[in-house]
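S.K.: Just a sequence and a predicted model for now, questions to come.
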Amino acid sequence: MRLPHPAVAAAFAVGLSLSHVAAAGKRPPAPPYKPLDVFAEVLASVENNYVEELPEEQLVYGAIDGLVAKLDPHSVFMRPDVYRAMHDEAIGEFDGLGLEVSIEGDALVVVTPVADSPAERAGLHPGDRLLSIDGEPTRDMTLGDALQKMRGAPGTKVVLEIMREGFQAPLKLTLVRDRVRMQSVEWRPLDAERRFAYVRVKAFQDRTDRAIRKALDDARASFKGEIAGLVLDLRNNPGGLLQQAVRVSDLWLSQGVIVTVEGRSRTNVEVEKAHEKETEPGYPIVILVNKGTASASEIVAGALQDHGRAVLLGATTFGKGSVQSIIELEDGSGLKLTVARYYTPKHRSIHGHGIPPDITVEVAPPPPAARDGKAGAAGLDVQLERATKWLEDPARGKSAAR
């Protein structure tokens with residue numbers, strides 16, 4: 001019987017020794033890890049006896065997929081092509097649909113569509129369930145497989161079958177992949193006479209804090225004076241880099257905790273705090289949130305809400321209160337692994353619950369349709385009108401929000 005490739009055995013041996021080191025001093029040495037012997041037997045049996053010959057890489061990747069799938073919805077193994085695509089996404093450009101997804105129970109669920117992407121133009125909405133991708137059911141699909149199927153060259157098509165609350169039957173949509181280019185920050189005057197500014201943050205990428213600072217400075221230059229009120233739009237923002245969320249929060253906070261990150265051990269705790277230097281003036285802020293506001297954007301919303309620096313307007317956020325670390329593997333693949341949970345300044349865990357708004361303004365999404373490309377802006381006018389009223393008289397707005 002042919003045994004597994006030595007590299008496979010070595011990889012598992014390394015993993016085993018590391019886990020023992022991590023446990024040192026906490027409990028007696030564990031007995032030999034017998035399940036690894038079983039795994040080696042199964043791998044050898046499949047390699048030697050399965051009716052079809054399969055590449056060893058495919059078998060090992062499949063085993064890793066199964067392992068990671070038993071963790072949490074946000075831990076994912078990425079094959080080399082998917083890992084490279086993730087790097088592209090981090091710098092703001094990638095080919096595909098522009099769709100952030102997660103696994104909830106046994107369902108593949110839309111977290112949010114990326115702004116100005118094929119997914120947004122087709123009218124996909126946070127909370128939509130993806131039932132199939134190109135006819136393949138997603139029920140037992142790993143997150144990595146789903147991401148791989150949605151990536152692809154611009155101009156190629158993919159068929160998504162979706163279900164949404166209120167639908168009588170699933171709906172099939174044909175989307176055309178495109179080059180998705182994310183400019184993380186945009187701004188415009190909301191009311192130039194009153195010096196109210198509107199800033200939208202689409203994702204937390206490298207230098208997003210600088211882009212927001214520039215937008216605020218441009219607003220001051222446009223108004224020829226200080227900003228008198230700000231609407232910060234974090235709707236459908238899937239998050240991104242933790243440190244960028246901290247730096248963005250720090251723009252409006254001069255002191256106190258921004259976020260607490262707690263790892264597996266209670267001794268592994270990081271507390272990020274605000275700094276007084278270069279803090280923005282104390283103009284009133286309204287943050288727009290919805291179910292697509294997730295992860296890093298929830299850190300900003302939670303920090304400013306807990307410190308009373310801003311009010312949240314819209315709907316309860318997604319509820320992704322975990323932190324992932326990216327581990328690059330020697331074959332070019334990658335592992336995104338949940339390593340900690342974060343807590344707001346008042347030590348609220350929003351994981352699975354989200355952050356409730358101070359002022360609830362929920363807007364039902366329109367039916368998906370690739371007609372006018374305006375689905376991502378649904379309800380914005382209604383929310384901006386309510387936000388403007390609050391900026392005109394924050395005291396009255398707070399009273400009305402209770």
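M.R.: That came through fine.
S.K.: residues in contact with stretch 348-360?
M.R.: 289, 291, 293, 298, 301-302, 305-306, 311-322, 341, 343-344, 386, 390, 397-398, 400-401 (Cβ atoms under 8 Å, 6 or more residues apart in numbering). Just so you know, the C-beta spots here come from the backbone N, C-alpha and C atoms, and that holds for glycine as well.
S.K.: Produce a ChimeraX select command limited to the buried residues of those residues.
M.R.: Isolation of the buried members of the contacts of stretch 348-360 (16 or more other Cβ atoms under 10 Å) is achieved in ChimeraX through the command below:
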select :289,291,293,298,301,302,305,306,311,312,313,314,315,316,317,318,319,320,321,322,341,343,344,386,390,397
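S.K.: Could you list which of the contacts of stretch 348-360 belong to strands?
M.R.: Those of those mapping onto strands are 289, 311-314, 322, 341, 343, per DSSP state E.
S.K.: could I get those as a markdown table with pLDDT and distance to Leu173?
M.R.: Below are the ones in strands among the contacts of stretch 348-360 laid out as a markdown table (pLDDT from 0 to 100; distance: Cβ to Cβ, whole Å):
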| residue | pLDDT | distance to Leu173 |
| --- | --- | --- |
| Val289 | 97 | 26 |
| Val311 | 97 | 36 |
| Leu312 | 98 | 31 |
| Leu313 | 97 | 30 |
| Gly314 | 95 | 25 |
| Ser322 | 91 | 30 |
| Arg341 | 93 | 34 |
| Tyr343 | 95 | 38 |
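S.K.: Summarise which helices and strands the helix or strand containing Leu147 is packed against.
M.R.: Element membership of Leu147, judged by DSSP states H and E, is helix 143-150. Contacts defined by 3 or more Cβ pairs under 8 Å, 6 or more residues apart in numbering; DSSP states H and E place helix 143-150 against helix 56-69, strand 76-78, helix 80-91, strand 99-104, strand 129-133.
S.K.: which one of the ones you listed has the lowest average pLDDT?
M.R.: Within these, the least confident segment by mean pLDDT turns out to be helix 80-91, at a mean of 73.
S.K.: After that one, which helix or strand is next? Please name it.
M.R.: Beyond helix 80-91 on the C-terminal side, the first helix or strand identified by DSSP H and E is strand 93-96.
S.K.: Now do the helix holding Leu147 against strand 99-104, angle only.
M.R.: Here helix 143-150 runs at an angle of 150 degrees relative to strand 99-104 (axes from the mean of the first three to the mean of the last three Cα atoms, to 10 degrees).
S.K.: Dump helix 143-150 to CSV, keeping only the CA atoms.
M.R.: This file holds the C-alpha atoms of helix 143-150, laid out as CSV (Å, rounded to 0.1, in the frame of the first residue of the first chain):
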residue,chain,number,x,y,z
LEU,A,143,-16.9,29.5,1.7
GLY,A,144,-13.6,29.1,-0.2
ASP,A,145,-15.4,27.1,-3.0
ALA,A,146,-18.1,29.8,-3.2
LEU,A,147,-15.6,32.6,-3.5
GLN,A,148,-13.7,30.6,-6.2
LYS,A,149,-16.9,30.1,-8.2
MET,A,150,-17.8,33.8,-8.2
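S.K.: ranking the helices and strands packed on helix 143-150 by burial, who's on top?
M.R.: By mean neighbour count, with neighbours taken as mean count of other Cβ atoms under 10 Å, strand 76-78 ranks first of these at a mean of 25.
S.K.: strand partners of that strand, parallel vs antiparallel please.
M.R.: According to DSSP bridges, the neighbouring strands of strand 76-78, each with its direction, are strand 334-343 (antiparallel).
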